[in-house]
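S.K.: just the structure for this:
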Amino acid sequence: MLHTKIIDIKKEKIKISKAEAFITSSKFGASIFFTGTVRNINDDKKVTGMTYDSHDELVIKSFEEIYKETDKKLKIEDKAVFIEHVKGYVGLAEISIIIAVACKHRDQAYFLSRYIIEEIKKRSPIWKKEHYENNESKWLKGNPIQTN
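M.R.: Predicted structure coming up:
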């Protein structure tokens, strides 16, 4: 069971309640909610916000591929996964990504959640532009898109 979406921050926000509703089931004994938020300091610079941009179609494709490969790589077939990432400007302490997972056992849920966020960071075409106190901004260095 998988839900993926790119959220246009001008139209809506990420809601933990949506993630919870999607993954809740009596067949799962463990749920993990991971949220990534904008922090106020990076590389000793005071950050005021972050703009995210993405290649939406490829991002969704990468989310789906990561989900599918967890059956074989992690041996976790029975699971629920909810992934949403924002596109647009996000202020301090606001959520930029949510990953909610549910599995039969807690060790599976922890491992699955960590695997998904690490793979997204490596493989998904999502770019970040930091905004600073002095009205400057810069695009952060990312990882090149991996091709198989």
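S.K.: and stretch 31-39, what's buried?
M.R.: 31-32, 36, 38 (16 or more other Cβ atoms under 10 Å). To be clear about C-beta, it is placed using only N, CA and C from the backbone, and glycine gets the same treatment.
S.K.: can I get those in TSV with pLDDT?
M.R.: Listed next are the buried residues of stretch 31-39 as TSV, based on pLDDT from 0 to 100:
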residue	pLDDT
31	97
32	96
36	96
38	95
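S.K.: now these as TSV including secondary structure?
M.R.: Putting these into TSV (DSSP: H, G, I helix; E, B strand; the rest coil) gives the following:
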residue	secondary structure
31	strand
32	strand
36	strand
38	coil
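S.K.: quick one: contacts for the residue nearest the centre of the chain?
M.R.: Taking Cα atoms, centre = their mean, the centroid of the chain lies closest to residue 97, which sits 3.9 Å from it. The contact partners of residue 97, by Cβ atoms under 8 Å, 6 or more residues apart in numbering, come to 14, 34-36, 83-86, 117, 120.
S.K.: just for the protein, where's the confidence low?
M.R.: Low-confidence segments of the chain (pLDDT under 70): 142-148.
S.K.: need the helices for this protein, in chain order.
M.R.: 16-23, 56-73, 106-123 (DSSP state H).
S.K.: ok, and what's touching the second one?
M.R.: Helix 56-73 is contacted from outside by 2, 4-6, 76-77, 79, 81, 83, 85, 87, 112, 115-116, 119-120, 123-126, 145, using Cβ under 8 Å, 6+ apart.
S.K.: do the same with the shortest one
M.R.: If you take Cβ under 8 Å, 6+ apart as the criterion, helix 16-23 is touched by 1, 3, 31, 33, 35, 80-82, 84, 98, 100-102.
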